[in-house]
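Trainee: Compute the structure for the input listed below.
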Amino acid sequence: MTASIPTSTVAIPTGYRPAFIVGGGLIGLLAAFVVGPLVSWLVGRIGDAPGMLRLAAELPLAWAIPVLTVVGAIGGFLIVGKWMDEAGAIKVSARGITVHTEDADRFIAAEDISGLARTGHKELLVLGAGGRELLRSRLEAEMVPGLVAALDAHGLPGLAPVDPHEADFTTWVDGAGLVEEDLEELLRSRRRALADKRGGAAEDALEALRDRGVMVRDRDGRQQIRTIGRQG
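Mentor: Residues are numbered from 1 along each chain as shown. Prediction:
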């Protein structure tokens, strides 16, 4: 009996953490030498400088070098940590994929997946039967090689470089009659929910639209739609 392949976890590679910390420290080191001239230039130009810059400029160089280097390293640590948290993780197994984000987890069974693609907007797109969208989730470029390898290792569909339905989307214009009135109302509800940062309500409207055969994506502050057959 062949042993099953362990679940693969795809995330931002951990090697980026020390890189950001060292990079932040180097920026802080450089800042120790330029903060004084920068503050002098700002004062001469506009008559003032931000308080933190003025405070740093008052430090003797012997103190400024270690202090700003440490501050820069801490800043790099915080930035890369936030980036990695927001990127989340994707677990891949023969059973399917599980997408972990900061505020939700979503499992999609392998038998429901007809295709996967990455879009030009740092998105993972998971498609089901008939072109229905099952998921759009954040996907950093740094995660792509690991995801490609994991999908192949577990026998799932490969990751296409573009959305196969890219050309089918149209920007929704309220009242233009692109869809039926009840669907327009769902699109309006989703637009309001996104503007009010009510993620749950926006997700509910999105699922209702998908169930009615309307796939939705967000581009430049606008909703774009494509239609397929109604589910069920």
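Trainee: alpha carbons only for contacts and neighbour counts from here, please
Mentor: Will do.
Trainee: who touches residue 10 in this structure?
Mentor: By Cα atoms under 8 Å, 6 or more residues apart in numbering, the contact set of residue 10 is 89, 90, 91, 92, 143, 146, 147, 150.
Trainee: would you turn those into JSON lines with pLDDT?
Mentor: JSON lines is the format used below for these (pLDDT from 0 to 100):
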{"residue": "89", "pLDDT": "97"}
{"residue": "90", "pLDDT": "97"}
{"residue": "91", "pLDDT": "97"}
{"residue": "92", "pLDDT": "97"}
{"residue": "143", "pLDDT": "97"}
{"residue": "146", "pLDDT": "96"}
{"residue": "147", "pLDDT": "97"}
{"residue": "150", "pLDDT": "97"}
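Trainee: among those residues, which are in strands?
Mentor: For those, the ones inside strands are 89, 90, 91, 92, with DSSP state E as the criterion.
Trainee: Quick check: nearest residue in space to the last one, chain neighbours excluded?
Mentor: So the one you mean is residue 92. Excluding its sequence neighbours, the residue lying closest to residue 92 (Cα to Cα, 6 or more residues apart in numbering) is residue 8, at 5.1 Å.
Trainee: buried stuff in stretch 175-185?
Mentor: Buried residues in stretch 175-185, counted by 16 or more other Cα atoms under 10 Å: 178, 179, 183, 184.
Trainee: Looking at these, which is nearest residue 72?
Mentor: Nearest to residue 72 among these is residue 184, at 49.0 Å by Cα to Cα.
Trainee: Can you identify the element that follows the strand or helix carrying the closest one toward the C-terminus?
Mentor: Per DSSP states H and E: residue 184 is located in helix 181-195. Note on helix 181-195: by DSSP H and E, the next helix or strand toward the C-terminus is helix 199-211.
Trainee: now what about that next one, what contacts it?
Mentor: 132-133, 183, 186-187, 189-191, 193-194, 215-216, 230-231.
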